[in-house]
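**Q** Here's my sequence, what's the structure:
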Amino acid sequence: MRTIIYKGDLDLSNIPIQNLGNLEHVNGDVDLWNALIKNLGNLKYVGGFLRNTQIQSLGNLEHVGGNLHLFDTSIQSLGNLKYVGGYLNLWDTPIKSLGNLEYVKRICLSKDYNKELNK
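**A** Numbers count the residues shown, from 1 in each chain. Below you'll find the predicted structure:
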């Protein structure tokens, strides 16, 4: 299978697609606002920001160079994600695990996760 790289910003907001196919690398921003995508599948790298309201899984994603907005999603684990170069917004998510996360510049956790950290 061939690696697919998108060299610019990818704006799929309000587009009724359900997956990103074999896309693995986006050099710019990825805007999935109100898209039907539930899983990022093979996507491993986003050079800019990533936002989505329907996401349930980050799939193979390892790197987001800018902000990662997962506000009000059903995501429970960050899985393979290692790096977020900007702000990570997990407010109003049922997040249970930060997965393999090694670096994040700034984080906003859900109310429930903050309670668990303060026990």
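
**Q** and stretch 64-78, how far apart are its ends?
**A** 12 Å (CA to CA, to the nearest Å).

**Q** Ignore what I typed, I meant stretch 35-42.
**A** Termini of stretch 35-42 sit 17 Å apart (CA to CA).

**Q** average pLDDT for it?
**A** Averaged across stretch 35-42, pLDDT comes to 87.

**Q** Repeat that for stretch 91-107.
**A** 93.

**Q** Now the closest residue to Gly59 other than its chain neighbours: phi and psi?
**A** Excluding its sequence neighbours, the residue lying closest to Gly59 (CB to CB, 6 or more residues apart in numbering) is Leu40, at 4.0 Å. (Each C-beta comes from the backbone N, C-alpha and C, glycine too.) When read as degrees, to the nearest 10, the backbone of Leu40 gives phi -80, psi 0.

**Q** Look up how far Asn14 lies from Leu40.
**A** Note on Leu40: its distance to Asn14, by CB to CB, to the nearest Å, is 18 Å.

**Q** So which of the two has more stuff around it?
**A** Leu40 (23 against 11; other CB atoms under 10 Å).

**Q** before we move on, back to that, quick one, what contacts the residue nearest to Gly59?
**A** Contact partners of Leu40, counting by CB atoms under 8 Å, 6 or more residues apart in numbering, are Leu20, Ile55, Ser57, Leu58, Gly59, Asn60, Leu61.

**Q** May I ask which of those residues has the most neighbours?
**A** Of these, with other CB under 10 Å as the count, Leu61 tops at 26 neighbours.

**Q** can I assume that residue is in contact with Gly41?
**A** No - at 9.2 Å, Leu61 does not count as touching Gly41 under the criterion of CB atoms under 8 Å.

**Q** Is it correct that Leu68 is in contact with Gly86?
**A** Yes - using CB under 8 Å, Leu68 makes contact with Gly86 at a distance of 7.3 Å.

**Q** list the residues that contact both of those two?
**A** With CB under 8 Å, 6+ apart, Leu68 and Gly86 have common neighbours Phe49.

**Q** More neighbours: which of these two?
**A** Leu68 (27 against 17).
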